[in-house]
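Peer 1: okay, here's the prediction I keep looking at, along with the sequence it came from:
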Amino acid sequence: MPLHSIDAARLTGRIRELGEIGRDPQGQLTRLAGSDNDRAGRDRLVAWIKMAGLDVAVDRIGNVFGIWRDTGNSGEAPIMLGSHIDTVINAGIYDGCYGVIAALEVIETLKERGVTPARPIVVAAFTNEEGVRFAPDMLGSLVYAGGLSVETALATVGTDGAVLGEELARIGYAGTVEPGFLKPHAYIELHIEQGPVLEREGTAIGAVENLQGISWQRVTIDGVANHAGTTPMAMRCDAGLAAARVGLFLREHIARSNALSVATIGTMCFEPDAINVIPSRAVFTVDLRDPDEDRLQALETVLADFLVRIGEEEGVEISVERLARFQPVAFDQGIVAAIEASAHARGLKSRRMTSGAGHDAQMIARIAPTAMIFVPSRDGISHNPREHTDPDDLIAGADVLLDVVERMVGSR
Ligand code: GLV
Ligand code: MN
Ligand code: MN
């Protein structure tokens with residue numbers, strides 16, 4: 001089969017264009033799920049989907065689909081490609097957007113070449129992958145895969161008090177189609193690695209064969225506010241100090257246990273949040289991840305035991321709320337092998353790898369054979385405006401996706 005290529009200028013131009021939507025006056029890019037900026041990004045995507053001549057569908061949780069089908073293949077289960085276009089706060093332009101735009105690019109390339117696929121091909125942009133405003137993350141794909149009811153998901157209250165269902169209606173993306181309405185024959189997600197492995201090794205393509213488990217918790221510590229100058233250290237019930245001890249403990253515990261686990265305290269708020277008042281309350285999130293379910297469970301237990309211990313030692317009350325919990329996922333070996341074969345055929349160095357980040361693919365894997373393709377991230381940086389992938393790497397990844405899809409979909 002001769003090797004074709006996607007339209008490189010269209011791919012990279014659209015990534016840059018979407019990356020300009022949702023910048024504040026300081027130039028920071030933020031498109032949180034259900035926000036006005038999310039609407040603007042979605043509107044641009046839908047315009048591109050329509051320009052490509054695809055059918056647009058929006059489901060009840062706001063997932064957006066561009067469907068390429070015709071009368072000759074509409075009875076077949078589709079190949080689904082996609083990712084997300086919501087972002088973290090002060091984001092880069094590639095996370096998620098690359099996978100959605102490249103998916104559309106693959107479809108347009110096949111269309112323009114006059115290919116008549118044996119199955120429909122669908123581009124999907126899932127709602128609230130990042131989970132920054134509404135927990136859990138990967139919410140749209142989780143609902144799509146039947147892991148959470150639409151009603152519960154729509155009632156989710158965000159960090160700003162907004163309700164997801166109301167926000168989707170407000171921005172015009174509360175669709176009518178039932179999530180799960182298309183059961184994919186296969187799902188493939190192209191994404192930047194967001195870590196340092198591929199760049200460090202000089203490898204162009206990651207064939208992602210599994211994804212680590214994720215545990216999100218919100219911890220609330222209640223102590224006693226008191227005067228910072230007059231209260232002897234031994235007489236304090238300091239919620240802030242107790243919270244700080246948790247971060248330090250997790251870091252030291254993981255270093256001691258030599259595990260692949262990672263732990264992050266990404267948000268922390270104190271009350272009353274004043275320079276000369278001992279904090280009466282600390283509220284913070286804990287993100288724990290490990291590719292091994294038993295180890296992740298063990299880490300959760302170690303944290304729970306430590307919280308009991310510091311409750312006693314610091315004289316504080318501690319409560320914990322679970323925000324998200326997803327087990328590690330193994331992807332489809334057949335698709336992983338097809339990714340490797342396609343990379344090889346293009347003379348691109350590839351390696352199998354584990355995803356450290358969460359992705360919609362881990363949810364869709366519940367209902368369809370699934371795998372992911374990674375491309376290098378400069379300096380392994382992501383969730384940061386410095387996120388960057390060289391155009392050649394972006395193009396190579398999209399070409400591999402094109403080849404895998406063309407092989408898997410078959411023609412009539
Ligand atoms: C999603 O970006 C995650 O891994 O947190
Ligand atoms: Mn992503
Ligand atoms: Mn992300």
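Peer 2: The structure has been received and is ready for your questions. Ligands and ions are numbered 1, 2, ... in the order given.

Peer 1: residue in the chain nearest to ligand 2?
Peer 2: Among the residues of the chain, residue 96 lies nearest to ligand 2; the distance is 3.9 Å by CB to the ion. Every residue, glycine included, has its C-beta placed from N, CA and C.

Peer 1: pretty sure that residue contacts residue 88?
Peer 2: No - here residue 96 lies out of contact with residue 88, judged by CB atoms under 8 Å, at a distance of 9.9 Å.

Peer 1: out of the two, which sits in the busier spot?
Peer 2: Legend: neighbour count by other CB atoms under 10 Å for residue 96 and residue 88, higher for residue 96 (27 against 21).

Peer 1: that older thread, intersection of neighbour lists for residue 96 and residue 88?
Peer 2: Common contacts of residue 96 and residue 88, defined by CB atoms under 8 Å, 6 or more residues apart in numbering, comprise residue 130.

Peer 1: and the strands in this structure?
Peer 2: 55-58, 64-68, 79-83, 121-125, 186-192, 205-211, 213-222, 262-264, 268-271, 281-290, 317-326, 329-330, 350-355, 370-375 (DSSP state E).

Peer 1: how about those in JSON lines, adding distance to residue 408, mean neighbour count and mean pLDDT?
Peer 2: Compiled in JSON lines, the strands of the chain are given as follows (distance: least, CB to CB, whole Å; neighbours: other CB atoms under 10 Å; pLDDT from 0 to 100):
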{"stretch": "strand 55-58", "distance to residue 408": "21", "mean neighbour count": "16", "mean pLDDT": "98"}
{"stretch": "strand 64-68", "distance to residue 408": "15", "mean neighbour count": "24", "mean pLDDT": "98"}
{"stretch": "strand 79-83", "distance to residue 408": "6", "mean neighbour count": "27", "mean pLDDT": "98"}
{"stretch": "strand 121-125", "distance to residue 408": "10", "mean neighbour count": "27", "mean pLDDT": "99"}
{"stretch": "strand 186-192", "distance to residue 408": "6", "mean neighbour count": "29", "mean pLDDT": "98"}
{"stretch": "strand 205-211", "distance to residue 408": "14", "mean neighbour count": "24", "mean pLDDT": "98"}
{"stretch": "strand 213-222", "distance to residue 408": "28", "mean neighbour count": "21", "mean pLDDT": "98"}
{"stretch": "strand 262-264", "distance to residue 408": "33", "mean neighbour count": "16", "mean pLDDT": "98"}
{"stretch": "strand 268-271", "distance to residue 408": "45", "mean neighbour count": "16", "mean pLDDT": "98"}
{"stretch": "strand 281-290", "distance to residue 408": "30", "mean neighbour count": "21", "mean pLDDT": "98"}
{"stretch": "strand 317-326", "distance to residue 408": "26", "mean neighbour count": "15", "mean pLDDT": "98"}
{"stretch": "strand 329-330", "distance to residue 408": "19", "mean neighbour count": "18", "mean pLDDT": "98"}
{"stretch": "strand 350-355", "distance to residue 408": "17", "mean neighbour count": "19", "mean pLDDT": "98"}
{"stretch": "strand 370-375", "distance to residue 408": "11", "mean neighbour count": "28", "mean pLDDT": "98"}
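
Peer 1: want to throw these into JSON lines with distance to ligand 2?
Peer 2: Below are the strands of the chain laid out as JSON lines (distance: least, CB to the ion, whole Å):
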{"stretch": "strand 55-58", "distance to ligand 2": "20"}
{"stretch": "strand 64-68", "distance to ligand 2": "16"}
{"stretch": "strand 79-83", "distance to ligand 2": "6"}
{"stretch": "strand 121-125", "distance to ligand 2": "11"}
{"stretch": "strand 186-192", "distance to ligand 2": "6"}
{"stretch": "strand 205-211", "distance to ligand 2": "12"}
{"stretch": "strand 213-222", "distance to ligand 2": "13"}
{"stretch": "strand 262-264", "distance to ligand 2": "16"}
{"stretch": "strand 268-271", "distance to ligand 2": "24"}
{"stretch": "strand 281-290", "distance to ligand 2": "14"}
{"stretch": "strand 317-326", "distance to ligand 2": "14"}
{"stretch": "strand 329-330", "distance to ligand 2": "15"}
{"stretch": "strand 350-355", "distance to ligand 2": "10"}
{"stretch": "strand 370-375", "distance to ligand 2": "10"}
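
Peer 1: sorry, back to before: and the residue of the chain closest to ligand 2, what does it touch?
Peer 2: So, once contact is read as CB under 8 Å, 6+ apart, residue 96 ends up touching 83, 84, 85, 86, 87, 129, 130, 191.

Peer 1: pLDDT score for the closest residue to the fourth one other than its chain neighbours?
Peer 2: Spatially, and ignoring its direct neighbours in sequence, residue 86 is nearest to residue 33 (4.4 Å; CB to CB, 6 or more residues apart in numbering). Per-residue confidence at residue 33 stands at 98 (pLDDT).

Peer 1: and residue 33, how far is that from residue 93?
Peer 2: Between residue 33 and residue 93 the distance is 17 Å, computed by CB to CB, to the nearest Å.

Peer 1: these two: who's more crowded?
Peer 2: Ranked by neighbour count (other CB under 10 Å), residue 33 and residue 93 place residue 33 first, with 31 against 20.

Peer 1: ok, the more buried one touching residue 136?
Peer 2: No - the criterion here is CB under 8 Å, and residue 33 misses it with residue 136 at 11.7 Å.
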